[in-house]
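Novice: with the sequence up front, the predicted model follows.
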Amino acid sequence: MQINLQLNSSGRGIAACQRPQRGCVKVMATATLEPVTAPATKPASGLKHLSPEAQARASEKGANKFEKAKVQKCGSTMWTEVPELAKLLREGNTKWEDLSLDDVDIRMKFAGMFHRGKRTPKRFMMRLKLPNGEVTSEQFRYAASCIKPYGADGCADITTRANLQLRGVKLEDADRIIEGLIAHNMTSFQSGMDSVRNLTGSPIAGLDPHELYDTRPILYEMNNVLFGNGRGNEEFANLPRKLNICISPTRDDFPHTQINDLGFEAVKDPASGQLLFNVVVGGYFSGQRNIMSVPLGVAVTEEQLIPFTVALLRVFRDHGPRGNRAKTRLIWLIEQLGFEPFANLVAETMGPGTKLHAAVHATHDTPWERRDLLGVHQQKQEGLNWVGVSVPAGRITAEDLEDFARVADTYGGSTARLTPEENILFVNIPDAKLQAMLTDPLFQKFKVNPGNLERGLVSCTGSQFCGFGLIETKQRAMQIVAQLEASLHLPNPVRIHWTGCPNSCGQAQVADIGLMGGPAKLNGKAVEGVKIFLGGKVCGLLIAAVLRGVLVVGSCSASL
């Protein structure tokens with residue numbers, strides 16, 4: 001099949017789609033060039049950094065459709081093609097109908113661009129990377145400026161990876177948004193598809209009197225290594241599947257190591273007093289399997305955190321399965337090889353002579369209840385506080401982002417933290433400014449001391465924007481919580497998690513009450529329904545039990 005290469009105004013070639021029956025990119029020259037015959041070239045394949053064995057698995061007949069799309073054209077090509085296509089669309093030199101569907105629906109996710117064609121055609125969700133969930137006031141303002149031009153179509157979400165997702169984005173604006181993100185020390189590259197997701201740590205890192213380790217510096221360094229300082233890193237652009245990574249510095253396990261593919265748990269070795277990080281692996285939820293992470297049996301030093309992570313990604317990339325998409329997460333490879341052989345292979349990949357520590361068995365004299373980060377709390381720095389604020393279901397507007405920036409500048413040190421519970425912490429608030437801050441109009445909308453249901457509310461995107469969502473979640477979650485809090489007195493927080501489908505982005509399995517979208521019938525007609533989970537726990541290795549049957553959504557409030 002022929003590939004046509006035409007030139008844009010910079011003289012760079014953009015390869016047209018190899019599947020003309022699904023649409024090709026038509027690129028018109030906009031500069032005066034000497035007549036030349038451009039040689040036909042293939043787009044960069046995703047096989048480039050794979051071992052020969054991995055190349056064979058990705059190319060074999062049983063490989064899944066995503067592997068075939070990556071073999072044909074690497075997702076990393078979108079790091080240059082998305083900005084180029086944005087300019088071409090804006091200038092009228094190509095049309096939306098001419099774009100490759102595989103580019104739009106699959107490969108653009110490697111640039112953090114998620115087409116929401118089923119719900120909002122020609123609009124994208126843009127997922128960012130904010131290591132440790134730390135955000136500056138200038139970053140908030142820039143994020144607001146990205147979605148504000150879209151009016152009611154533009155909004156944002158705080159996610160369960162302490163991250164931001166921007167909604168309503170048009171492809172023709174993507175080049176300017178991407179460059180602005182990088183200028184503000186953010187990126188969207190490698191935030192989707194088969195790469196590492198946002199790196200998470202403690203939301204109160206550097207502030208917490210109980211922490212063993214400030215997770216921020218190492219996560220920023222790891223972010224730069226894995227993602228090429230925001231410009232993308234080809235070496236890790238074609239993993240067999242996505243990977244979630246976190247570092248937990250306290251017994252609270254704020255970043256949820258138990259449901260990450262790779263987690264590092266800070267611990268002091270009782271024998272030597274040395275700070276080490278126990279390695280846990282394999283946690284994830286899906287429609288086919290739900291598993292909490294398990295100890296790998298090794299621990300690493302601070303200096304080994306990044307080399308170990310890089311080596312593990314190389315092992316996963318080169319040895320991981322690429323067939324049945326439901327069986328390609330990291331734990332499947334570890335179970336195939338065995339835990340000890342896998343750990344040995346990672347150590348070998350780190351370099352000759354690498355020695356990993358045995359996992360540390362830590363004992364504690366006192367029990368530990370996971371702390372609630374909402375409300376006013378003293379930092380370890382004398383005279384300073386963090387103020388945790390509820391953002392119901394994580395949904396925010398451009399105006400909210402601007403207000404977050406204003407509050408951070410006015411009362412604190414111009415930074416804030418996002419949490420895996422989809423809330424926000426304003427940090428470094430001096431005692432002298434605390435009372436004035438608490439009377440700020442922003443906290444009429446976002447409460448410092450919400451009710452015991454709202455403070456534990458988490459929700460995925462749901463069917464409003466997500467094509468996988470079987471039910472609407474965010475608005476319904478907020479409405480039901482408001483109804484229940486108006487009629488009930490609850491002495492303790494109750495964590496309610498909503499998730500629109502079995503992929504469980506809302507993590508229903510670790511909630512006190514989890515609600516998962518599913519099909520139901522009422523009077524013989526198909527209606528929205530939910531499966532109900534009870535008794536999950538984040539800090540303590542407990543997956544909720546699912547009740548039998550599916551509840552009709554309309555009866556949720558009464559049933560809860």
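Specialist: Received, thanks.

Novice: use CA for all of it now, contacts and neighbours both
Specialist: OK.

Novice: report the buried residues of the one helix or strand residue 80 maps to.
Specialist: Secondary structure from DSSP states H and E places residue 80 in helix 78-90. Under the neighbour-count criterion of 16 or more other C-alpha atoms under 10 Å, helix 78-90 has 78, 79, 81, 82, 83, 84, 85, 86, 87, 88, 89 buried.

Novice: and it, what does it pack against?
Specialist: helix 174-183 (3 or more C-alpha pairs under 8 Å, 6 or more residues apart in numbering; DSSP states H and E).

Novice: residues making contact with the helix or strand containing residue 476?
Specialist: With secondary structure defined by DSSP H and E, residue 476 is part of helix 474-487. Contacts with helix 474-487, where a contact means C-alpha atoms under 8 Å, 6 or more residues apart in numbering, come from 392-393, 395, 451-454, 457, 459-462, 498, 556-557.

Novice: next, the buried residues of it.
Specialist: 474, 476, 477, 478, 480, 481, 484.

Novice: pretty sure residue 532 contacts residue 512?
Specialist: No. With contacts counted by C-alpha atoms under 8 Å, residue 532 stays clear of residue 512, the gap being 10.2 Å.

Novice: where in this protein is pLDDT low?
Specialist: Applying pLDDT under 70 to the chain flags residues 1-42, 539-560.

Novice: which residues belonging to stretch 439-458 are considered buried?
Specialist: Neighbour-count burial for stretch 439-458, counted by 16+ other C-alpha under 10 Å, picks out 446-458.

Novice: would you turn the buried residues of helix 474-487 into JSON lines with distance to residue 502?
Specialist: As requested, these are exported to JSON lines (distance: C-alpha to C-alpha, whole Å):
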{"residue": "474", "distance to residue 502": "16"}
{"residue": "476", "distance to residue 502": "18"}
{"residue": "477", "distance to residue 502": "17"}
{"residue": "478", "distance to residue 502": "21"}
{"residue": "480", "distance to residue 502": "21"}
{"residue": "481", "distance to residue 502": "22"}
{"residue": "484", "distance to residue 502": "25"}
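
Novice: closest to residue 505 out of these?
Specialist: residue 474 (12.5 Å; C-alpha to C-alpha).

Novice: hang on, the earlier thing: need the buried residues of helix 78-90 in TSV (columns: distance to residue 96).
Specialist: Shown next, in TSV, are these (distance: C-alpha to C-alpha, whole Å):
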residue	distance to residue 96
78	16
79	18
81	14
82	13
83	14
84	13
85	10
86	10
87	12
88	10
89	7
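
Novice: and those, which two are furthest apart?
Specialist: Farthest pair in the buried residues of helix 78-90, by C-alpha to C-alpha: 79 and 89, 16.3 Å.

Novice: okay, helices next: where are they in the stretch 1-150 of the chain?
Specialist: For the stretch 1-150 of the chain, the helices defined by DSSP state H, counting those that start in this stretch cover 52-59, 65-72, 78-90, 101-105, 137-147.

Novice: of the ones you listed, flag the one that's most buried.
Specialist: Of those, the one with the most neighbours on average (mean count of other C-alpha atoms under 10 Å) is helix 137-147, at a mean of 21.

Novice: helices and strands around it, which ones?
Specialist: Partner elements for helix 137-147 (3+ C-alpha pairs under 8 Å, 6+ apart): strand 164-169, helix 174-183, helix 398-411.

Novice: out of the helices of the stretch 1-150 of the chain, which comes closest to residue 295?
Specialist: Of all the helices of the stretch 1-150 of the chain, helix 52-59 sits nearest to residue 295, with 26.3 Å by C-alpha to C-alpha.

Novice: could I get that closest one in PDB with only the CA atoms?
Specialist: C-alpha atoms of helix 52-59 as PDB (Å, rounded to 0.1, in the frame of the first residue of the first chain):
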ATOM      1  CA  PRO A  52      13.500  -9.100  19.200                       C
ATOM      2  CA  GLU A  53      11.200 -11.300  21.300                       C
ATOM      3  CA  ALA A  54       8.900  -8.400  22.100                       C
ATOM      4  CA  GLN A  55       8.800  -7.400  18.500                       C
ATOM      5  CA  ALA A  56       7.800 -10.900  17.600                       C
ATOM      6  CA  ARG A  57       5.000 -10.900  20.200                       C
ATOM      7  CA  ALA A  58       3.700  -7.500  19.000                       C
ATOM      8  CA  SER A  59       3.700  -8.600  15.400                       C
END
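
Novice: give the helix, strand or coil label for the residue lying closest to residue 240 once chain neighbours are set aside.
Specialist: In space, and not counting its chain neighbours, residue 240 is closest to residue 322: 5.6 Å by C-alpha to C-alpha, 6 or more residues apart in numbering. Three-state assignment for residue 322 (DSSP: H, G, I helix; E, B strand; the rest coil): coil.

Novice: what about residue 322, how many residues nearby?
Specialist: 28 (other C-alpha atoms under 10 Å).

Novice: surely it and residue 57 touch.
Specialist: Yes. Between residue 322 and residue 57 a contact is recorded at 6.1 Å, counting by C-alpha under 8 Å.

Novice: okay, and the common contacts of those two?
Specialist: Common contacts of residue 322 and residue 57 (C-alpha under 8 Å, 6+ apart): residue 63.

Novice: residue 186 against residue 127, yeah?
Specialist: No. Checked against C-alpha under 8 Å, the pair residue 186 and residue 127 is beyond contact range at 10.6 Å.

Novice: these two: which is more packed in?
Specialist: Neighbours were counted for residue 186 and for residue 127 using other C-alpha under 10 Å; residue 127 has more, 27 against 21.

Novice: leaving out chain neighbours, which residue sits closest to residue 170?
Specialist: Leaving aside its chain neighbours, residue 170 sits nearest to residue 123 (5.2 Å; criterion: C-alpha to C-alpha, 6+ apart).

Novice: for the closest residue in space to residue 300 that isn't next to it in sequence, grab the count of nearby residues.
Specialist: Leaving out its chain neighbours, the residue that sits closest to residue 300 by C-alpha to C-alpha, 6+ apart is residue 277, at 5.2 Å. Using other C-alpha under 10 Å, residue 277 has 26 neighbouring residues.

Novice: quick one: classify residue 277 as helix, strand or coil.
Specialist: strand.

Novice: run through the bridge partners of it.
Specialist: Following DSSP bridges, residue 277 is listed with bridge partners residue 266, residue 300.

Novice: quick one: contacts for it?
Specialist: The contact partners of residue 277, by C-alpha under 8 Å, 6+ apart, come to 264, 265, 266, 267, 299, 300, 301, 302.

Novice: swap the cut-off to 6 Å and go again
Specialist: By C-alpha atoms under 6 Å, 6 or more residues apart in numbering, the contact set of residue 277 is 264, 265, 266, 267, 299, 300.
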